[in-house]
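Enquirer: Please work out how this folds:
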Amino acid sequence: DIFWSNLAHTRTYFWTLGMGPIEFGDGQKLDVGSKIMILDSGVSYALIPTEDFNKLSDILSKNYGVTCQKGERQESGSQVNSSDCKCKDYSALPSLKLTIMANKEDKTGKALAMPRETYMKDKGNGACKLMLNPSDMQIGAHYGETQWVMGDQFMQAFYTIYDHEKRRVGIVASANTFDS
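Expert: Predicted coordinates:
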């Protein structure tokens, strides 16, 4: 079934969606301040606010034995490279569930589970790379608002349908099994 999400901001050049709670597949919650997701098919990575990145890194370390370099807030707000990490057990990492809201009145939304392969890459021998990059770059029409910018790695897990006329995005789980 297609889940339709109206654009969170109608006056923008970006596909902005309302974002609700984020949690891991095992129920561990990630408390983030961001309430907007931008879908961008022109990028092969993801950008998340440095504050959210550091909270995510803390949970990965405490709950899943993954230690990553901390993101540092940069005055210029420019992008930071993805973090090299050490993974105790890559195969034990759960999915990451991002909740997308259908519209401004929606209180529950739809949880979309991103498989571990879309947010963490296994480099072998206990090395891995976190594919959610810390960035405080201001993107979009609402200055001061933080957002998660999801690129190709999100679209590996979900098909996206862009409805220009109705100003909404349809999302369907991909058939990709991530088997190499």
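
Enquirer: Pretty sure residue 100 sits against residue 171.
Expert: Yes - the pair residue 100 / residue 171 is scored as a contact, 6.6 Å apart, by C-beta atoms under 8 Å. The C-beta positions use only the backbone N, C-alpha and C, and glycine is treated the same way.

Enquirer: overlap in contacts of these two?
Expert: Listed contacts common to residue 100 and residue 171 are 3, 5, 110, 112; contacts here mean C-beta atoms under 8 Å, 6 or more residues apart in numbering.

Enquirer: Now the phi/psi pair for the nearest residue to residue 127 once chain neighbours are set aside, please.
Expert: Of all residues beyond its chain neighbours, the one nearest residue 127 is residue 86 (6.6 Å), with distances taken as C-beta to C-beta, 6 or more residues apart in numbering. With angles defined as degrees, to the nearest 10, residue 86 sits at phi -110, psi 120.

Enquirer: Give me the longest helix you can find in the chain.
Expert: Secondary structure of the chain per DSSP state H: the longest helix is helix 50-64.

Enquirer: Which neighbouring elements make contact with whichever helix or strand comes after that one?
Expert: Past helix 50-64, further along toward the C-terminus, the next helix or strand under DSSP states H and E is strand 66-68. Identification of packing neighbours for strand 66-68 by 3 or more C-beta pairs under 8 Å, 6 or more residues apart in numbering; DSSP states H and E yields helix 50-64, strand 83-87, strand 127-130.

Enquirer: No further questions, thank you.
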